[in-house]
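Visitor: Okay, sequence plus prediction incoming.
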Amino acid sequence: MPKAPCETNDFDWRERGVLPDDRSATCISAEVIAMADGDATIRLDQGGINARILAKEAKVDFRRVESASRKIQTMFCSPEVKRLFVRYFNSMQLNAYLISVIARTTLPHAVIEKVEGALKAQLEKLHAEVNEAIDSAEALCKTHGITRLATYDTEPLALEVKVISSFGRRYLELMTRVDQLMPMLETLAIDEVIEVAQLDLQKALAKKSVRQVAGAARNFAGGLRQRMNAMAEGDPSQPGSGKGEEGEAGAGAPSAQAGTPTDDSDAASVATGNSAESPADGAADTKPTQTRQKRRSPTSAESTSQANAIPLGP
């Protein structure tokens, strides 16, 4: 007996599902991705710049630091502050640790408090200057109707910063404020509110404020280290000398930093300052060698080589 038509699917007139053509959907999704990433005709940085910045600088030795630290999530966008942070922040913290912790165990507390007060005053002064620059840039943006600031297309430098003192915290806040100022200056230059020369000048002043703090901490720590070494050698003139206190407190002033280099490559060994040789020890060690060299008369070959080594000129 033949089956009824209803038992087969030959006469099923219900609308069957048809697979849609997904080529249009693919194009739309590609357009959305391109709009999210920006201009699809250019190739942007994917973190390579940050890797080069971090790989270029040497790591600061914190193995002798026993203080607790606050972990603060931080993100820098401007290329200037990225490099300033990597180069100066941890070395400044190490110098501040020598001032507040290591030197306090050997030198009078009055000396340490005077140095700490001078460093804190300089931080507050630079904070005020950077805040004033930010307020001026905001006023210019409002005056010229700028509502959207320029942004950096490179990947931001995001990391967890370990802060071991109040000086480190204030220094990190100063860097964050400078990082906030940089895109505002870039926006004003793009809209021709300020000239490129003025942009370079304002950037240089902002970067100088960051370097000044690191230089002051380095100078203070160096002065205290010398006094600690002198006390270890038994020099009675160092502990109670008021002249030495004024020298350490004034070492971080802008006038004292005018001729000092800004390289912090030696700051990694600050915590081991007690083991450094003093100038007196170096002179005592080299004196016999110099005497022996004076007694020995140079040969003809040595005299010829010395004469050839003298640079030509008046």
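Guide: That came through, no problem.
Visitor: which parts of the longest helix seen in the chain are buried?
Guide: Counting by DSSP state H, the longest helix found in the chain is helix 196-232. By 16 or more other Cβ atoms under 10 Å, the buried positions in helix 196-232 come out as 199, 202-203, 206-207, 209-230. C-beta here means a position set from N, CA and C on the backbone, and glycine is covered the same way.
Visitor: Give the other helices and strands that it contacts.
Guide: The contact analysis (3 or more Cβ pairs under 8 Å, 6 or more residues apart in numbering; DSSP states H and E) places helix 196-232 against helix 79-84, helix 90-97, helix 109-143, helix 166-190, helix 242-250.
Visitor: before we move on, which element is E160 in?
Guide: strand 157-163 (DSSP states H and E).
Visitor: how about that strand: buried residues?
Guide: With the criterion 16+ other Cβ under 10 Å, strand 157-163 contains buried residues 157, 161-163.
Visitor: with those residues in mind, which one is nearest to A128?
Guide: Here the nearest of the buried residues of strand 157-163 to A128, counting by Cβ to Cβ, is V163; it sits at 21.3 Å.
Visitor: Identify the residues contacting the closest one.
Guide: Each residue near V163 by Cβ atoms under 8 Å, 6 or more residues apart in numbering is listed here: 69-72, 93, 169, 172.
Visitor: now those residues as CSV including distance to G145?
Guide: Rendered in CSV, the data for those read as follows (distance: Cβ to Cβ, whole Å):
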residue, distance to G145
S69, 44
R70, 41
K71, 41
I72, 36
Q93, 42
R169, 37
L172, 33
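Visitor: Most widely separated two among these?
Guide: It's K71 and Q93 that sit farthest apart of the contacts of V163, by Cβ to Cβ, at 13.6 Å.
Visitor: who has more neighbours, those two?
Guide: More crowded of K71 and Q93, by other Cβ atoms under 10 Å: Q93, with 28 against 9.
Visitor: I'd say that one and S166 touch.
Guide: No - under the criterion of Cβ atoms under 8 Å, Q93 is not in contact with S166, lying 10.9 Å apart.
Visitor: follow-up on the earlier one: any chance of CSV for the contacts of V163, columns distance to I42 and pLDDT?
Guide: Output for the contacts of V163, formatted as CSV (distance: Cβ to Cβ, whole Å; pLDDT from 0 to 100):
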residue, distance to I42, pLDDT
S69, 40, 95
R70, 39, 96
K71, 36, 96
I72, 34, 96
Q93, 38, 96
R169, 39, 97
L172, 33, 97
